[in-house]
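1. Quick one, what's the 3D model for this:
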Amino acid sequence: QPLVAPAAGTGIQLRVEPFTVAKHFERELFVHRRAATTTDLYVRRIHFRMRPNSHHFVIYGFNSTIPSFLVPAYDAVRDIRNPDGSMNTTNMVTMGYHTFFGGAMQPEFAYELPPGVALKIPAGTGLDLNVHYANHTDAPISGEAAVNLHTIPLAQVTKVARTLNWGIQSLISPAGQRTTLERTFTVTDS
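-> Here you go, the predicted structure:
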């Protein structure tokens, strides 16, 4: 059943329109959608819904270091696998510039920030929607996803939240061994 969009002035809905996942195939794709067209948006609640068989639905912004020629066109579907299953590295380049905005790993999920706290989407920017479906059946299936970004007016924002994207890019874990890793991330109050 479709996710009902927020009422006008209370948020926006971004969608990954229905698409086909071939039999015995994984399909992971990105679609860059317009989000904040003329003014900044302040998101207080994120509500995800997607068809079954999805591995994840993640929303990304782009960090300020992305070269303008790499910013994807709006609304173009960018698969990371070619029809033969090989990786489409051209469509994966932008992943190095992603900043996490929100995500879900179940068919329906929502979370809400504390009163007065909101994530900012700057005016004139979009969000890169990423869905990943696995089809282990003998027939094609359909994928589809939508997210509602519920907003509050700037006057109600007491703290602009930011997401964290901490990761280890050089992880080595020898086969057949138990490995424990530890990493410290230093944070300043800003």
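2. Can you pull up the most central residue in this structure?
-> Central residue of the chain (CA atoms, centre = their mean): residue 59, 1.6 Å from the mean position.
3. Would you confirm that residue 96 belongs to a strand?
-> No: counting by DSSP: H, G, I helix; E, B strand; the rest coil, residue 96 is located in no strand; its state is helix.
4. distance of it from residue 103?
-> Distance from residue 96 to residue 103, counting by CB to CB, to the nearest Å: 18 Å. Placement of C-beta: from N, CA and C, glycine included.
5. more neighbours, the two?
-> Applying other CB atoms under 10 Å to residue 96 and residue 103 shows that residue 103 carries more neighbours, namely 17 against 11.
6. element containing that one, please.
-> In the assignment (DSSP states H and E), residue 103 maps to strand 98-104.
7. Run through who's touching the next helix or strand after that strand.
-> Next helix or strand after strand 98-104 toward the C-terminus (DSSP H and E): strand 108-112. Contact with strand 108-112 is made by 44, 45, 46, 47, 48, 49, 50, 102, 150, as judged by CB atoms under 8 Å, 6 or more residues apart in numbering.
8. And these, which two are furthest apart?
-> Farthest pair in the contacts of strand 108-112 (CB to CB) is 44 and 50. Separation: 21.3 Å.
9. what's the helix or strand where residue 20 lies packed up against?
-> Element membership of residue 20, judged by DSSP H and E, is strand 11-21. Where contact means 3 or more CB pairs under 8 Å, 6 or more residues apart in numbering; DSSP states H and E, strand 11-21 is packed against strand 25-36, strand 41-50, strand 125-135, strand 141-151.
10. rerun that using 6 Å as the cut-off
-> Counting contacts by 3 or more CB pairs under 6 Å, 6 or more residues apart in numbering; DSSP states H and E, strand 11-21 packs against strand 25-36, strand 125-135, strand 141-151.
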